[in-house]
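Trainee: predicted coordinates and the sequence they were generated for:
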Amino acid sequence: METIIVIFGGRSAEHDVSIVTAISSIIKPLELTKKYRVEAVYVAKSGAWYWDEKLKDINLFSSGNIADFLHKASPASIQFDGGMKLVKASGIAGRKQIRKIDIAFPAMHGTYGEDGSLMGLLDMAGIPYIGCSVSAASIAMDKVICKQLASSNDIPVTPFVHFSKSDIERDPLKVIGKITGALKFPLFVKPAHLGSSIGISKVVNEKELKNALEVATHYDDKVIIEEEVPNLIELTLPIMGNDSPIPALLERPLTSPEDFFDFDTKYLQGGKKGKGSGGKSSSKGAQGYSQIPAELPSELYSRAENLGLKVYKTMGCSGISRVDMLVNQKTGQIYFNEINPLPGGLYAHNWNKSGVSNIELVEKLVLFAKERHSTRQALNTSFSTNYLQQF
Ligand SMILES: Nc1ncnc2c1ncn2[C@@H]1O[C@H](COP(=O)(O)OP(=O)(O)O)[C@@H](O)[C@H]1O
Ligand SMILES: [Mg+2]
């Protein structure tokens, strides 16, 4: 039986979301396939790695008993020996428990996980892993690079500028002058690398802009400022696959404009402010209530679907991702907003509606991981030279 390691938690603002994604949407369905031995590896906020069966139980985390568990447990280590092994002290003095890893499922959101760092480690170990490569993941985590890459590939994005934290701190008035010279209010000010709406503000004048820049630089060393898309409809499209990506259903989150950038709206109680009745096709998803499929004119639906697929390919995604778009309802113009290499809960609620069960979803993702790994293995990375013989 192959062993899959599911790595979750991590040093990120989305630590807690990752625990739920890993346990409910990945570990449980992987175990239900009965095809794999599943090992849970939890990366604590300190950065230490823990490997234990008990980490598969959400109650350990929801009850707060995790602190006590971590206090007593000894961290695991990773052995790189032409592959990857998990190692930890066993209960018996001097003995170690060792498990060879065949496949890895990175289940972290945000920094030090979804941003490519974990993928780099897995590449070094040479094992197949689920989801985007280092480069796709790190592009996706940078709102500036992502939008630059999109616009150089004729993917529409709302007009934006960006500044470093040091530029903003050195001469905020100059930066504000440059922003107001290039863009029209209302503006969105965002830390370039965070998700979950942390540190984001909508501003309508220079005073608010100044405050928003201060807030954003508190979280990040790079800030993006962009024009508002008016008459907004938001759309999101989960996609999976490698060279021939498959879209799920286009989904329209149904939150009201005033709570659009609020962490609680997205994650608490399936959207604490989510509007309960969004019509026949609305359902409570990973991010509150949403309409699946989005009720749109078919022309707009297919344009959005095609744009999502184009973004996926342009960013070099593989395995799975979710593309978020902003639509001006009046003009019908669709703008690419962001891409998430690890959608919360894998967006299983949407895949389910597209006819893919939670078990099928994780099975497919494992196959995509293996497929990409063997394609990469087939590439020649060694090249003989006489270089050393001269020394
Ligand atoms: N340019 C924009 N115009 C209109 N609304 C926006 C714009 N940018 C962001 N928003 C709103 O703010 C929310 C959060 O912004 P987003 O870029 O998605 O950041 P995050 O990475 O935190 O999800 C979006 O879902 C949308 O509701
Ligand atoms: Mg977003």
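Mentor: Yes, it's here. Ligands and ions are numbered 1, 2, ... in the order given.
Trainee: use CA for all of it now, contacts and neighbours both
Mentor: OK.
Trainee: just say helix, strand or coil for the residue in the stretch 51-200 of the chain positioned nearest to ligand 1.
Mentor: Minimum separation of the stretch 51-200 of the chain from ligand 1 (C-alpha to the nearest ligand atom) falls at S197, amounting to 2.9 Å. Secondary structure assignment for S197 (DSSP: H, G, I helix; E, B strand; the rest coil): coil.
Trainee: per-residue confidence at it?
Mentor: Note on S197: pLDDT of 72.
Trainee: repeat that for F383.
Mentor: pLDDT at F383 comes out at 76.
Trainee: same check on Y289?
Mentor: Taking Y289 on its own, its pLDDT is 84.
Trainee: after the helix or strand hosting it, which helix or strand is next? Please name it.
Mentor: In this structure, Y289 sits in strand 288-291 according to DSSP states H and E. As assigned by DSSP H and E, the chain's next helix or strand after strand 288-291 is helix 298-314.
Trainee: which elements pack onto the following helix or strand past that following helix?
Mentor: Sequence-wise, the next helix or strand downstream of helix 298-314 (DSSP H and E) is strand 319-328. Here strand 319-328 touches strand 232-241, helix 298-314, strand 333-340, helix 358-377, going by 3 or more C-alpha pairs under 8 Å, 6 or more residues apart in numbering; DSSP states H and E.
Trainee: next one: the strand holding Y289 to chain centre, how far?
Mentor: 19 Å (C-alpha atoms, centre = their mean, to the nearest Å).
Trainee: ok, now stretch 65-84?
Mentor: Worked out by C-alpha atoms, centre = their mean, stretch 65-84 lies 24 Å from the chain centre.
Trainee: would you mind measuring the gap between the ends of that stretch?
Mentor: 30 Å (C-alpha to C-alpha, to the nearest Å).
Trainee: likewise stretch 8-18?
Mentor: Per C-alpha to C-alpha, the first residue of stretch 8-18 is 6 Å away from its last.
Trainee: same deal with stretch 100-111?
Mentor: 26 Å.
Trainee: tell me which residues are up against it.
Mentor: 2-15, 17-18, 21-22, 83-86, 113-114, 118-119, 122, 127-131, 141, 193-195, 342, 344, 366 (C-alpha atoms under 8 Å, 6 or more residues apart in numbering).
Trainee: ok, back up a step: and the strand holding Y289, what does it pack against?
Mentor: Strand 288-291 packs on strand 252-253, helix 263-267, strand 282-285, going by 3+ C-alpha pairs under 8 Å, 6+ apart.
Trainee: the first one: partners in the sheet, and parallel or antiparallel?
Mentor: What that stands for is strand 252-253. Sheet partners assigned to strand 252-253 using DSSP bridges are listed as strand 288-291 (antiparallel).
Trainee: near ligand 1 at all, the partner strand?
Mentor: No. Legend: contact between strand 288-291 and ligand 1 by C-alpha under 6 Å from any ligand atom is lacking; minimum distance shown is 12.2 Å.
Trainee: what's across from the residue lying closest to V157 once chain neighbours are set aside in the sheet?
Mentor: Distance criterion C-alpha to C-alpha, 6 or more residues apart in numbering; nearest residue to V157, sequence neighbours excluded, is Y335 at 4.8 Å. Note on Y335: beta-bridge partners by DSSP bridges are L326.
Trainee: can I get the helices and strands packed on strand 319-328 in a markdown table including mean pLDDT, mean neighbour count and distance to K165?
Mentor: Listed next are the helices and strands packed on strand 319-328 as a markdown table, based on pLDDT from 0 to 100; neighbours: other C-alpha atoms under 10 Å; distance: least, C-alpha to C-alpha, whole Å:
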| stretch | mean pLDDT | mean neighbour count | distance to K165 |
| --- | --- | --- | --- |
| strand 232-241 | 97 | 23 | 29 |
| helix 298-314 | 98 | 18 | 28 |
| strand 333-340 | 97 | 22 | 21 |
| helix 358-377 | 96 | 18 | 37 |
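Trainee: can you add distance to I98 and give these back as a markdown table?
Mentor: Output for the helices and strands packed on strand 319-328, formatted as a markdown table (distance: least, C-alpha to C-alpha, whole Å):
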| stretch | distance to I98 |
| --- | --- |
| strand 232-241 | 32 |
| helix 298-314 | 37 |
| strand 333-340 | 33 |
| helix 358-377 | 23 |
